[in-house]
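Chemist: Build me a model from this:
(chains A and B)
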Amino acid sequence: EPEVTQTPSHQVTQMGQEVILRCVPISNHLYFYWYRQILGQKVEFLVSFYNNEISEKSEIFDDQFSVERPDGSNFTLKIRSTKLEDSAMYFCASRGLAGGGTQYFGPGTRLTVL
Amino acid sequence: AQTVTQSQPEMSVQEAETVTLSCTYDTSESNYYLFWYKQPPSRQMILVIRQEAYKQQNATENRFSVNFQKAAKSFSLKISDSQLGDTAMYFCAFMKRETSGSRLTFGEGTQLTVNP
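Modeler: Numbering: from 1, shown residues only, chains lettered A, B, ... in the order given. Next up, the predicted model:
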């Protein structure tokens, strides 16, 4: 069964450093998403991406964040200058035209900012 | 904006028993989806069940079923014959039905523990 994959599974970085989180969505899906979950809290939407552009972003997704689909298979989230409060689990999700709106999640990348 | 509320932070149930998790939501939309996702200790988000708002029939997936009350904006999850592997955090989520890639809005979650 196709699945969403994410790398790395765990990233440790120093405050102020740039990080890139990578996702490979399910191959025939057209809608891509990033969410984050701070430990012990609910899952929060960051950004959605469709037809090679951002379709919606939350107030969390400020100028420090960017997304890209560089090669037709990968979908990346870049954080330019990490802060301590960026420590969280980051989930990528994808959705196809069929499937009744279901978003399929990757296993997540745990980001730790020191 | 949509909001999703799960008023039970924690619940427990004995193995083989039935448990119901509550969820309410607020929206002015008429066309939307509702979901229950399960998050075990691995923190993977796993779809449990989906409901389309225009369908009056409640969704069922094996031991999992929902009670969808559109007028009351209520969407509860019933787990029958609970198993130890059902121990997880359960999130209720809402999504508008549109073509441009709508976000999921999650509730705060309910931690379910199934006891042997």
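
Chemist: Around chain A, which positions in chain B sit nearby?
Modeler: Neighbours of chain A within chain B, by C-beta under 8 Å from any C-beta of the partner chain: B:33, B:35, B:37, B:42-47, B:50, B:52, B:91, B:93, B:95, B:97, B:100-109. C-betas here are computed from N, CA, C, even on glycine.

Chemist: Just the buried residues out of these, in ChimeraX syntax.
Modeler: Buried members of these, defined by 16 or more other C-beta atoms under 10 Å in any protein chain shown, are picked up in ChimeraX with:
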select /B:33,35,37,43,45,47,50,91,93,95,101,102,103,104,105,106,107,108,109
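
Chemist: can you give me the strands for chain A?
Modeler: A:5-7, A:10-13, A:19-24, A:31-37, A:44-50, A:53-57, A:65-68, A:75-79, A:88-95, A:104-105, A:109-113 (DSSP state E).

Chemist: export those strands to CSV and tack on mean neighbour count?
Modeler: Conversion of these to CSV gives the following (neighbours: other C-beta atoms under 10 Å in any protein chain shown):
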stretch, mean neighbour count
strand A:5-7, 16
strand A:10-13, 14
strand A:19-24, 19
strand A:31-37, 24
strand A:44-50, 21
strand A:53-57, 15
strand A:65-68, 17
strand A:75-79, 20
strand A:88-95, 24
strand A:104-105, 22
strand A:109-113, 18
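
Chemist: Export these as a markdown table, with columns for mean pLDDT.
Modeler: Converted to a markdown table, the strands of chain A look like this (pLDDT from 0 to 100):
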| stretch | mean pLDDT |
| --- | --- |
| strand A:5-7 | 96 |
| strand A:10-13 | 97 |
| strand A:19-24 | 97 |
| strand A:31-37 | 96 |
| strand A:44-50 | 95 |
| strand A:53-57 | 92 |
| strand A:65-68 | 96 |
| strand A:75-79 | 97 |
| strand A:88-95 | 96 |
| strand A:104-105 | 94 |
| strand A:109-113 | 97 |
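
Chemist: Nearest to B:Q56 among the ones you listed would be which one?
Modeler: Nearest to B:Q56 among those is strand A:88-95; the distance by C-beta to C-beta comes to 24.3 Å.

Chemist: Note down every partner strand of that closest one and its orientation.
Modeler: Using DSSP bridges, the strands paired with strand A:88-95 are strand A:31-37 (antiparallel), strand A:104-105 (antiparallel), strand A:109-113 (antiparallel).

Chemist: Please name the nearest non-neighbouring residue to residue 111.
Modeler: You didn't say which chain, so I picked chain A. A:Q11 (5.2 Å; C-beta to C-beta, 6 or more residues apart in numbering or on different chains).

Chemist: You answered for a different chain; I wanted chain B.
Modeler: Counting by C-beta to C-beta, 6+ apart, B:E10 is the residue found nearest to B:Q111 once chain neighbours are left out, at 4.7 Å.

Chemist: Look up the pLDDT of that neighbour for me, please.
Modeler: The model reports B:E10 with a pLDDT of 97.

Chemist: how close does it get to B:A93?
Modeler: Distance of B:E10 to B:A93, computed by C-beta to C-beta, to the nearest Å: 19 Å.

Chemist: Quickly note the distance from B:V114 to chain A.
Modeler: Distance of B:V114 to chain A, given as C-beta to the nearest C-beta, to the nearest Å: 21 Å.

Chemist: can you check B:F94 too?
Modeler: Taking C-beta to the nearest C-beta as the measure, B:F94 falls 11 Å from chain A.
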